[in-house]
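> Quick one, structure for this:
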Amino acid sequence: MKSEPFKYSWDDLVAEKEGTWDGVRNYRARNNLAAMKVGEEAFFYHSREGLEIVGVVTISVEGITDPTDPEGKWAAVKIKPKAKLKQPVTLQQIKADPRLAECELIRLGRLSVAEVTPEEWKVILELGGGLAKR
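Numbers count the residues shown, from 1 in each chain. Prediction:
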């Protein structure tokens, strides 16, 4: 899940304790949001500034209609912060690792909510040194 930190950062989510992931206006990203289930996890990625995965979030509410959409055709979810990565994983690291060559973050770079396979998840956690203790 990508967010520009000057609009909504990891620290903003931590301060709120639960946030709504809304404002997505891409069909593939919408479908990825709509497929998310309570308890699943996602990476929180700072786009534009930082260009790095900084933490892991947990889906706390699934299948809601985007509250910013007056027509009601776009999806949203609620998320809670789980933990920061011990060290951020940069886009440069992701692009340099051949195990992540097919990652949607690279292939579909403009996508704000991208799918991560279980294998990619393990590699990214490895690159980040695992999750930091709270």
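> For the chain, just list every one of the helices.
Secondary structure of the chain (DSSP state H): helices at 10-16, 27-35, 91-96, 104-107, 118-127.
> need the contact list for Glu40.
58-59 (CB atoms under 8 Å, 6 or more residues apart in numbering). C-beta here means a position set from N, CA and C on the backbone, and glycine is covered the same way.
> Tell me the spacing between it and Pro81.
Glu40 sits 14 Å away from Pro81 when distances are taken as CB to CB, to the nearest Å.
> Number of residues surrounding Ala75?
Using other CB atoms under 10 Å, Ala75 is surrounded by 22 other residues.
> I meant Asp12, not that one.
Other residues lying near Asp12 total 13 when counted by other CB under 10 Å.
> which non-adjacent residue is nearest it?
Gly19 (7.3 Å; CB to CB, 6 or more residues apart in numbering).
> and that neighbour, how many residues sit next to it?
Gly19: 20 neighbours (other CB under 10 Å).
> And the one 3 residues further on, by the same measure?
Asp22 has 17 neighbours, counted by other CB under 10 Å.
> Let me know how buried the nearest residue in space to it that is not next to it in sequence is, in neighbour terms.
Leaving aside its sequence neighbours, Asp22 sits nearest to Ala76 (CB to CB, 6+ apart; 4.2 Å). Counted with other CB under 10 Å, residues neighbouring Ala76 total 23.
> and if you look at Ala34?
Ala34 has 15 nearby residues by other CB under 10 Å.
> Same question for Ala83.
The number of residues packed around Ala83, counting by other CB under 10 Å, is 15.
> Who does the residue nearest to it when sequence neighbours are not counted form a beta bridge with?
Spatially, and ignoring its direct neighbours in sequence, Ala83 is nearest to Leu131 (4.0 Å; CB to CB, 6+ apart). Note on Leu131: beta-bridge partners by DSSP bridges are Leu85.
> Now do the contacts for Leu131.
If you count contacts by CB under 8 Å, 6+ apart, Leu131 has them with 56, 82-86, 125.
> Ile53 against Ser47, yeah?
No: shown here, Ile53 and Ser47 do not form a contact pair, counting by CB atoms under 8 Å, at 10.4 Å.
> Those two - which one has more neighbours?
Higher neighbour count among Ile53 and Ser47: Ile53, with 27 against 18, using other CB under 10 Å.
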